[in-house]
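> Need coordinates for the below:
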Amino acid sequence: MAVNPLSANLVNLLSPEPISTLKEFLNIDDGGNTASFTDVFTEAIKNVNATDAAGKASTLALLAGQTDDLAGMMIDGQKAEIALSLALALRNKMMDAYTEIMRMQV
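The predicted model follows:
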């Protein structure tokens with residue numbers, strides 16, 4: 001059974017120093033400039049696509065008999081589900097903010 005090393009994001013989550021911003025959690029490096037909502041949302045969508053592709057790849061590898069790492073496949077699937085939940089939560093917040101702005105009286 002293959003044991004995969006911890007990813008850098010997971011190690012950062014387990015570190016004693018708290019992550020102060022969403023930008024640090026998503027590893028957005030914008031050269032010192034503040035990240036806009038578009039950057040955060042785009043990075044979240046890229047994260048969803050990457051984790052979904054990894055989940056599909058590990059599922060196909062397991063089904064094809066190339067690996068026997070059932071736990072790794074389940075973990076990749078959960079990562080993809082959590083990333084999708086984050087993207088949906090960001091989208092919902094964006095839509096709520098948009099509708100709230102549209103309701104404002106000028």
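> For Ser85, which three-state class applies?
helix (DSSP: H, G, I helix; E, B strand; the rest coil).
> in this structure, which spans are helices?
Ranges of helices in the chain, per DSSP state H, are 8-14, 22-25, 37-63, 70-103.
> Lys93: how many residues sit nearby?
12 (other C-beta atoms under 10 Å). For glycine as for every other residue, the C-beta is placed from the backbone atoms N, C-alpha and C.
> can you check Lys79 too?
20.
> Which residue is the nearest non-sequential neighbour of it?
With sequence-adjacent residues excluded and distances taken as C-beta to C-beta, 6 or more residues apart in numbering, Lys79 is closest to Thr51, at 4.8 Å.
> Would you agree that neighbour is in contact with Asp76?
Yes - contact criterion C-beta atoms under 8 Å: Thr51 and Asp76 qualify, at 7.3 Å.
> tell me, what's touching the two both at once?
Between them, Thr51 and Asp76 share no contacting residue under C-beta atoms under 8 Å, 6 or more residues apart in numbering.
> What residues does Lys79 make contact with?
Here Lys79 is in contact with 51, 54-55 (C-beta under 8 Å, 6+ apart).
> circling back to that earlier point, quickly note the distance from the residue nearest to Lys79 to Gln78.
Taking C-beta to C-beta, to the nearest Å as the measure, Thr51 falls 9 Å from Gln78.
> So the two - more neighbours on which side?
Neighbours per residue (other C-beta under 10 Å) separate Thr51 from Gln78, with Thr51 holding more: 19 against 12.
> Now do the contacts for the nearest residue to Ile45 once chain neighbours are set aside.
Excluding its sequence neighbours, the residue lying closest to Ile45 (C-beta to C-beta, 6+ apart) is Ala87, at 6.0 Å. When contacts are counted by C-beta under 8 Å, 6+ apart, Ala87 touches 41, 44-45, 47-48.
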